[in-house]
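*Asks:* Could you work out the structure for the sequence below:
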Amino acid sequence: VVTKANHERDEIMIGTEDKRNDINIQIFNSSKQWGNLLEASTTIPNSAYRAFDIAIEDLSGDALIVYENGTGADNVIYYRTWNGTAYSSEQSFTTGTANSAANWIALYSHLGTDEIMLLVHDSEAAGSGDLYAVPWNGTDFETSKGVLATSTSSTSTAPHFYFAWEGLSGEGLLIYGNSTNIDRRIYTSGSWTAPVTITTLENTLKGTRMCSDLTSDYIGIIWQDSGSDVNVRMWGGSSILASPPTEDTTTEAQGTNNPNVDCAWFNSSTALFGFVDNDLLFMDYFTFSKANTWSVSTLTSALNTVT
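*Replies:* Got it, this is the predicted structure:
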């Protein structure tokens, strides 16, 4: 299920993916009624993954819906828009992945613009999967600005990747698993930097979450690997900051598409991070404060919430 509230209109859009491989979209309107039902696809490749997403353009309030619409081995992705009154006709474009059905689709809106970043991960086997990124400009996907981030992805069965926009510069940070590495790329002025390895993992990357500070170019990063190790970093706008806490190696393993880690900025100076410990009914949490102070030196010392 994907739910997106519209900040320009009194409406909420919800998208669902069911076991019959259908994607349905509908609108909760200002009259507090559900309507405008659209069956966008009846042929997603695998309902165990999420081959669709929804994002709201920040200026116009229009919605972008991107989805897989076929089980065949191709690299075509489909999309529609919603302007508050009607859906557009279905359109499509060719990505930079190999000819393989998409398992994962994710959208990331850029505040202060109608730009949205799309990530598409195909269904090839671990070690040979493709991750493709391309920006939407409010009208079209700018495929000339797209990038095949990796063709040696750590896995196609878990959402190991994430993208976040910097709060001031407008540049974007892409994090993903590349074989046994966790790599990063920067999106700036319509082009992508070469990949840089943040660290080499003992296990393959399984889940990543990021959080942007709207008042700076700081971005929090927290991830979990296939050995249930949780690690954290802070992006300072041009590099990963030094001296992060050491990892916790005994955390609750994530599900197929639900990482047990996340972060958010509490205010303009402090970010809150959390993860689930192994076989426990509470969340472990810790904080980061600018310029570079962590509340713990090791994640095994993180505090926990009440049960």
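*Asks:* For burial, what's the neighbour tally of the nearest residue to Met117 once chain neighbours are set aside?
*Replies:* In space, and not counting its chain neighbours, Met117 is closest to Tyr108: 4.5 Å by Cβ to Cβ, 6 or more residues apart in numbering. C-betas here are computed from N, CA, C, even on glycine. Using other Cβ atoms under 10 Å, Tyr108 has 21 other residues around it.
*Asks:* OK, contacts around Tyr108?
*Replies:* Counting by Cβ atoms under 8 Å, 6 or more residues apart in numbering, Tyr108 makes contact with 55, 116-117, 119, 163-165, 172.
*Asks:* Which secondary structure state does it sit in?
*Replies:* Per DSSP: H, G, I helix; E, B strand; the rest coil, the secondary structure class of Tyr108 is strand.
*Asks:* now do Thr300
*Replies:* helix.
*Asks:* The residue nearest to it when sequence neighbours are not counted: how many residues sit nearby?
*Replies:* Using Cβ to Cβ, 6+ apart and skipping residues adjacent in sequence, the residue nearest Thr300 is Asp248, 5.1 Å away. Neighbour count of Asp248, defined by other Cβ under 10 Å: 22.
*Asks:* ok, now the one 3 residues further on?
*Replies:* Here the neighbour count serves as a burial measure; for Thr251 (other Cβ under 10 Å) it reads 24.
*Asks:* May I have stretch 174-184 exported as PDB, CA atoms only?
*Replies:* What follows is stretch 174-184, C-alpha atoms only, in PDB (Å, rounded to 0.1, in the frame of the first residue of the first chain):
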ATOM      1  CA  LEU A 174      21.800   8.000  -4.100                       C
ATOM      2  CA  ILE A 175      22.800   5.100  -1.800                       C
ATOM      3  CA  TYR A 176      22.700   1.400  -3.000                       C
ATOM      4  CA  GLY A 177      24.200  -2.000  -2.600                       C
ATOM      5  CA  ASN A 178      26.800  -2.800  -5.300                       C
ATOM      6  CA  SER A 179      27.900  -6.400  -4.900                       C
ATOM      7  CA  THR A 180      29.200  -6.400  -1.300                       C
ATOM      8  CA  ASN A 181      29.800  -2.700  -1.200                       C
ATOM      9  CA  ILE A 182      27.500   0.100  -0.200                       C
ATOM     10  CA  ASP A 183      28.100   2.900  -2.800                       C
ATOM     11  CA  ARG A 184      26.900   6.400  -3.400                       C
END
